[in-house]
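**Student:** The following block contains a protein sequence and its predicted model.
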Amino acid sequence: MAITVKTKIGNQEITLQFDKMSEVHKWNSTYGNLPKVCDACKSPNIFLSFKSPGGNDYFMLACGDCGATGNFGIHKDGKGLFWKRETKMEVYRGGVQGDSQAASNDPEHDSDLPF
Ligand SMILES: [Zn+2]
């Protein structure tokens with residue numbers, strides 16, 4: 001029996017079909033706790049995005065208004081994505097340090113992002 005789930009990510013409506021309720025739980029564990037608005041500018045104009053610079057895949061939540069992005073984590077086995085609750089969408093500033101926002105103090109922050 002197919003299970004249909006309708007949800008919204010930002011302004012985007014998404015209809016999903018699952019075979020089993022357990023699959024809904026798995027999906028929701030990642031996508032159920034995404035921010036509803038951009039962390040940087042509070043716009044609801046956020047969407048799922050993808051980039052692959054240099055062959056490295058980045059799955060992101062991106063803001064259509066200010067350009068802030070937040071990266072999904074990729075499970076080590078490559079079989080799925082996860083979103084850490086503490087992940088904040090931020091506008092990438094080209095590696096310029098000295099911004100008053102203390103994002104660079106975050107030990108989880110990945111400084112190797114190529115974009
Ligand atoms: Zn924004």
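**Tutor:** Cool, got the structure. Residues are numbered from 1 along each chain as shown.
**Student:** which parts of the chain sit against the ion?
**Tutor:** Contact residues (C-beta under 5 Å from the ion) of the chain with the ion: 38, 40-41, 43, 63, 65-66, 68. Heads up, the C-betas are built off the backbone N, CA and C, glycines and all.
**Student:** Among these, name the buried ones.
**Tutor:** Buried by 16 or more other C-beta atoms under 10 Å: 38, 40, 63, 66, 68, out of these.
**Student:** Quick check: strands, which of those residues are part of them?
**Tutor:** Of these, the ones assigned to strands by DSSP state E are residue 63.
**Student:** How many residues are close by residue 35?
**Tutor:** Here the count is done by other C-beta atoms under 10 Å, and residue 35 has 19 residues near it.
**Student:** Low-confidence stretches in this protein?
**Tutor:** Counting by pLDDT under 70, the chain contains low-confidence residues at 95-115.
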